[in-house]
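Structure for the following, please:
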Amino acid sequence: MTGPQERAKTSADEPGETRAGYVALVGRPNVGKSTLLNTLIGEKLSIVTPRAQTTRERVLGIYTVEDAQIVFVDTPGLLEPRYLLQESMLEQALLALRESDLALLLLDPTDPEETFPAAPALDALRRRRDLLVAINKIDLAAPETLDRLAAWARELFGVEPFRVSAASGQGTGELRDALVARLPASPLLYPPDEIAVQPVRFFVAELVRETIFEDYHAEVPYATVVRVEEFHEAEDPILIRANIFVERESQKAILIGERGAGIKRLGQRAREKIEAFVGARVYLELWVKSMPRWRKQPGALRLLGYAVPREQRGSGGGRSSRGGERARS
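Below is the predicted model of the structure:
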């Protein structure tokens, strides 16, 4: 992700012709950042579930009009981390906040006591002069709660918040126009017909993980990570093999279900989503493996492709995964 200072040098040759920049979507877990990204882009890129902390990695979505381009960065929720993976998630969110050209803080009036960012994130937000604030879910909130959050935003940040509903689209057009108007002068950062930055296999893994969040409960979805091992796009149907890692053998048994019924249902539902996303037939093969305490081990996070928090980067601790069970769909 190119920083605004670096891009300023490249855009000085022909200032004002086009505008482009990165906009970080930040806020507490479950305030609706992913839903807003999908609405602003017009395509489903970020997975969405009713559960908090669904987003673990930054997801970039691109919105382009004739003379402007916004690269939205959906970030993990600004939370108080309880284990290493959550520390990584918070670090990635704060990094996106530092590197972006604009920042958009989302507030949730349906849970006002849990909508304010934790202290380190709040300090970073207050230092930004280009911060915008939006109150989401206005169609579900009481007017007095909306007014209270608006007063908080004016007092703390000196800005009048936008009022939107990411789910219905209410107010999102005005918000997007305001973001475009505040973009720095810059050439377009990506080809105008692109809407995403991550490869297709990233979104395939996310769709499998979204289905796990929908079909399973308690701790199982949070202890799960999906990684695509093979993606053969030239075949018909497209052949996809993915590993689902969990932390305990008991979680593995829950995912698989009695006589494999659970993993079969998961594969079928995930395959339907993936086929809709790629626009082609898919043969999906899922393996379930255990990797003990992967959320708390620097080596395991590194092995799975997550960013290791800065103070843990010299640590090891990764463990090899145990044998898996397979399901085809």
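
quick one: low-confidence parts of the stretch 201-329 of the chain?
Residue ranges of the stretch 201-329 of the chain with pLDDT under 70: 311-329.

Packing partners of the host helix or strand of Ala178?
Applying DSSP states H and E as the criterion places Ala178 in helix 172-182. With contacts taken as 3 or more CB pairs under 8 Å, 6 or more residues apart in numbering; DSSP states H and E, helix 172-182 sits against helix 33-41, strand 68-74, strand 102-107, strand 131-135, strand 162-163. All C-beta atoms are positioned from the backbone trio N, CA, C, and that covers glycine.

switch the cut-off to 7 Å
On a contact count with 3 or more CB pairs under 7 Å, 6 or more residues apart in numbering; DSSP states H and E, helix 172-182 meets helix 33-41, strand 68-74.

For these, could you give me a markdown table that also reports distance to Ile212?
Conversion of the helices and strands packed on helix 172-182 to a markdown table gives the following (distance: least, CB to CB, whole Å):
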| stretch | distance to Ile212 |
| --- | --- |
| helix 33-41 | 16 |
| strand 68-74 | 19 |
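
all helices in the stretch 101-250 of the chain, in order from the N-terminus.
In the stretch 101-250 of the chain, helices defined by DSSP state H, counting those that start in this stretch lie at 119-126, 143-157, 172-182, 200-215, 249-256, listed in chain order.

Pick the most buried one from the ones you listed.
When the helices of the stretch 101-250 of the chain are scored by mean count of other CB atoms under 10 Å, the highest mean neighbour count falls to helix 200-215 (a mean of 21).

quick one, it and helix 33-41 angle?
Calculated by axes from the mean of the first three to the mean of the last three CA atoms, to 10 degrees, helix 200-215 forms an angle of 130 degrees with helix 33-41.

average model confidence for stretch 156-163?
Averaging pLDDT along stretch 156-163 yields 96.

Run a quick neighbour tally on Leu140.
Using other CB atoms under 10 Å, Leu140 has 13 other residues around it.

for Gly299, same thing?
Using other CB under 10 Å, Gly299 has 16 neighbouring residues.

Ramachandran angles for it?
phi -60, psi -40 (degrees, to the nearest 10).

and the helices of the stretch 101-250 of the chain as JSON lines, adding distance to Val282?
JSON lines is the format used below for the helices of the stretch 101-250 of the chain (distance: least, CB to CB, whole Å):
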{"stretch": "helix 119-126", "distance to Val282": "38"}
{"stretch": "helix 143-157", "distance to Val282": "43"}
{"stretch": "helix 172-182", "distance to Val282": "31"}
{"stretch": "helix 200-215", "distance to Val282": "9"}
{"stretch": "helix 249-256", "distance to Val282": "20"}
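
So which of these is nearest Arg58?
helix 200-215 (10.9 Å; CB to CB).

which helices and strands sit right next to the closest one?
Checking 3+ CB pairs under 7 Å, 6+ apart, helix 200-215 ends up next to strand 225-232, strand 238-246, helix 261-278.

Of all the residues in the longest one, which ones are buried?
Neighbour-count burial for helix 261-278, with 16 or more other CB atoms under 10 Å as criterion, is recorded at Gly262, Ile263, Lys264, Leu266, Gly267, Arg269, Ala270, Arg271, Lys273, Ile274, Phe277, Val278.

can I get these in TSV with distance to Thr211?
TSV is the format used below for these (distance: CB to CB, whole Å):
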residue	distance to Thr211
Gly262	11
Ile263	11
Lys264	12
Leu266	6
Gly267	9
Arg269	5
Ala270	4
Arg271	9
Lys273	7
Ile274	10
Phe277	12
Val278	15
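
No further queries at this time; thank you.
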